[in-house]
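[1] Model the structure of this input:
(one chain, ligands or ions: 2)
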Amino acid sequence: MKILADQNMPLVEQYFADIGEVERFDGRQLTADQLIDVDVLLTRSVTLVNNELLAHANKLSFVGTATIGVDHIDTQLLNDKNIAFSSAPGCNAIAVAEYVISSLYALSQENARPLNNQTIGIVGVGSIGSCLAQKLQALNLTVLLCDPIKHAQGLLNEHVALDQLLAQSDIVTFHVPLIKSGEHKTLHMMDKARLKALKPGLTLINASRGDVIDNQALLEVMQAGADLDLVLDVWEDEPTILTELLEHVRYASVHIAGHTLEGKARGTQILYQKFCELKGIEATRSLDEFLPVPAITQATLGQNFNEADIARLVHLIYDVRRDDGILLRDLANNGFDSLRKNYPERREFSTLTIQGVSSQLATLAQLGFTVAN
Ligand SMILES: NC(=O)C1=CN([C@@H]2O[C@H](COP(=O)(O)OP(=O)(O)OC[C@H]3O[C@@H](n4cnc5c(N)ncnc54)[C@H](O)[C@@H]3O)[C@@H](O)[C@H]2O)C=CC1
Ligand SMILES: O=C(O)C(=O)[C@H](O)COP(=O)(O)O
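    Ligands and ions are numbered 1, 2, ... in the order given. I've put the predicted structure just below:
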């Protein structure tokens, strides 16, 4: 069996070793001819899977994307061609939630504004939005949720409409899929009118898809003097982003919010499990076999460890400013895709086991750290 996998997808050889022969491809350069005689195609978000790409796919029976977003895949086409498909729902929800939490603590320190008593609005309450909301409950923030689809399905009672949420929040963070048309369109959901109306001092975070915010309009609003703290992980027209926007952004990164080692590896694992299920093969491989031991595994808290010290632990595992520095220093030399490909190792909070006696242990556990009994 011939398996074609994106070069940036970890552990494919390990997971699929007993299933077939794995060949790698450059996600933005894949051509239709490379799919001749290929049985399985495993992609990331940068490969458009459309009619043109599948023109010569004579044997393809499974397409998997190791991502949550599926806006790069023509799923209707796969269905019509009877090609099985899977994304990797939830694989990097923890990673994105931790990216947001790291950003919140960094801004709170730099702006000397305590997190508690602030109101955060979460737009899109799926895997990521709900994981984030659950973690934030530990921090005494007021959390407002906006998800009209879940609300209509009876799955979210406390839905707040977007404009009301924007008016009431100090921080707004987007976790919606890219939807290009229809009642729940998210393309340019933050258009010029909404951006202009944002209240001064607001923090705007986008770790969903770049097109959710009209980037040109955002640049114009910032150039006109808007007082906003911007945290942008995703951009319109990646990898050729609007570089003029960078100077207005507090923390800028190259679409890596989900790129913990665990998040990326879980993506591959989910596709492996889906493939095995589809073909009636027993899935014997698991993540624990493959993840390396992290550089720091344990922390012992002293009795005077207090709420203010939580930020130090969060940033010990992941400080978003590391990635902001990388982008600003290297974008001109290395390019967006190369920075993503060479992204330095990042682990999740759960890799740190915390021991000691402190009134903050429950908070740390809720944020996702492992607390020793
Ligand atoms: N920056 C990064 O590295 C990553 C970005 N993403 C992006 O984040 C998106 C969300 O991820 P998940 O939470 O896992 O997806 P999900 O599918 O679990 O949740 C998305 C939620 O957004 C809601 N939604 C849809 N349209 C909406 C609208 N107009 N207003 C408010 N809510 C709306 C849906 O009802 C759903 O509950 C993905 O589609 C992907 O584009 C995902 C992972 C990593
Ligand atoms: O899961 C998604 O959706 C994402 O955006 C990924 O975390 C990042 O996508 P890749 O480009 O790394 O596939």
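
[2] and the helix-or-strand element of the chain with minimal mean pLDDT, anywhere near ligand 2?
    When the helices and strands of the chain are scored by mean pLDDT, DSSP states H and E, helix 320-334 comes last with a mean of 82. No. Using CB under 6 Å from any ligand atom, helix 320-334 never reaches ligand 2; the gap is at least 13.5 Å. Heads up, the C-betas are built off the backbone N, CA and C, glycines and all.

[3] Distance-wise, check the residue in the stretch 101-250 of the chain positioned nearest to ligand 1 relative to ligand 2.
    For the stretch 101-250 of the chain, the residue closest to ligand 1 is G126, as judged by CB to the nearest ligand atom, at 1.7 Å. Distance of G126 to ligand 2, computed by CB to the nearest ligand atom, to the nearest Å: 11 Å.

[4] Hmm, L145 and that residue touching each other?
    No. Using CB atoms under 8 Å, G126 is not in contact with L145, being 11.0 Å away.

[5] Looking at these two, which is more packed in?
    L145 (21 against 17; other CB atoms under 10 Å).

[6] Those residues of this structure touching ligand 1, which are they?
    With the criterion set to CB under 6 Å from any ligand atom, the chain comes near ligand 1 through 68-69, 92-93, 96, 123-129, 146-150, 175-179, 184, 186, 207-209, 233-234, 255, 257-258.

[7] Those in strands, which ones?
    Per DSSP state E, strands hold the following members of the residues of the chain next to ligand 1: 123, 146.

[8] which of the residues of the chain next to ligand 1 count as buried?
    Among the residues of the chain next to ligand 1, those buried by neighbour count (16 or more other CB atoms under 10 Å) are 68-69, 92-93, 96, 123-129, 146-147, 149-150, 175-176, 178-179, 186, 207-209, 233-234, 255, 257-258.

[9] How many residues are close by T370?
    Applying other CB under 10 Å, we find 16 residues neighbouring T370.

[10] ok, now which ones touch it?
    T370 sits next to 350-354 when contact means CB atoms under 8 Å, 6 or more residues apart in numbering.

[11] partner residues bridging it?
    Beta-bridge pairing for T370 (DSSP bridges): T353.

[12] again, but for V172
    Under the criterion used (DSSP bridges), V172 bridges to G121, L204.

[13] from memory it sits against N206, does it?
    No. V172 lies out of contact with N206 (CB under 8 Å); the separation is 9.2 Å.

[14] which residues in the stretch 151-300 of the chain form strands?
    Here the stretch 151-300 of the chain has its strands, by DSSP state E, counting those that start in this stretch, at 171-174, 202-206, 228-232, 251-252, 298-301.

[15] State the distance from the closest residue in space to R321 that isn't next to it in sequence to ligand 2.
    In space, and not counting its chain neighbours, R321 is closest to A106: 5.7 Å by CB to CB, 6 or more residues apart in numbering. As judged by CB to the nearest ligand atom, A106 and ligand 2 stand 21 Å apart.
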